[in-house]
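Participant: coords please:
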Amino acid sequence: MSQHKVVLLLGSNLGDQKKNLQLALQKISEGGNFISQVSEFLTTEPVEFVSSNIFCNIASVIFTRLSPIQLLDFIKSIEIEMGRIKDSTALGGYSDRIIDIDIIKYNDLKFRSERLEIPHYKHLFERDFSKILLKDFI
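Facilitator: The predicted model follows:
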């Protein structure tokens, strides 16, 4: 089984954001994935919703044996374990969150399902903070 190169974006705007991001990376690693790169932390205003809580974001390159859907299920389980009850899709919009983990790229795969779109169009082309974080990873 081969390793797949994946780019992730992680964000948090509740609690100790940097600690949340570090814990999420630890859990990703403990799940059998190899983290090869992690960006600097970047603090940003919320995008597409109003909140008084500032976000802390990072990008990461990992290598995984998981398929895209297996990886999605795995990162969603980390979000739930860390206290995120509902994701943006279930809520019908964005809200404050203890952790958010998005799959941005998976090798050079183009994939679209009801639950997952790879590459992640908004982060690659629309969100300025994402472009800053991803500039050395894409």
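Participant: Only C-alpha atoms from now on, for both contacts and neighbour counts.
Facilitator: Will do.
Participant: Burial check on Leu42, number of neighbours?
Facilitator: Leu42: 16 surrounding residues under other CA atoms under 10 Å.
Participant: From Leu124, how far out is it?
Facilitator: 16 Å (CA to CA, to the nearest Å).
Participant: Helices of this protein, start to end?
Facilitator: Using DSSP state H, the helices of the chain run over 17-30, 68-81, 88-91, 121, 128-134.
Participant: For Cys56, find the nearest of these.
Facilitator: Closest approach to Cys56 among those (CA to CA): helix 17-30, 5.9 Å.
Participant: Check which helices and strands that closest one sits against.
Facilitator: When contacts are defined as 3 or more CA pairs under 8 Å, 6 or more residues apart in numbering; DSSP states H and E, helix 17-30 sits against strand 4-12, strand 55-64, helix 68-81.
Participant: and of those, who's closest to Asn33?
Facilitator: strand 55-64 (4.9 Å).
Participant: Which residues does the closest one contact?
Facilitator: Outside strand 55-64, the residues within contact range by CA atoms under 8 Å, 6 or more residues apart in numbering are 3-14, 17-18, 21, 32-46, 133-134, 137.
Participant: rewinding a little: weakest of the helices of the chain by average pLDDT?
Facilitator: In terms of mean pLDDT, the lowest-scoring of those is helix 88-91 (a mean of 54).
Participant: Thanks again, I'm all set now.
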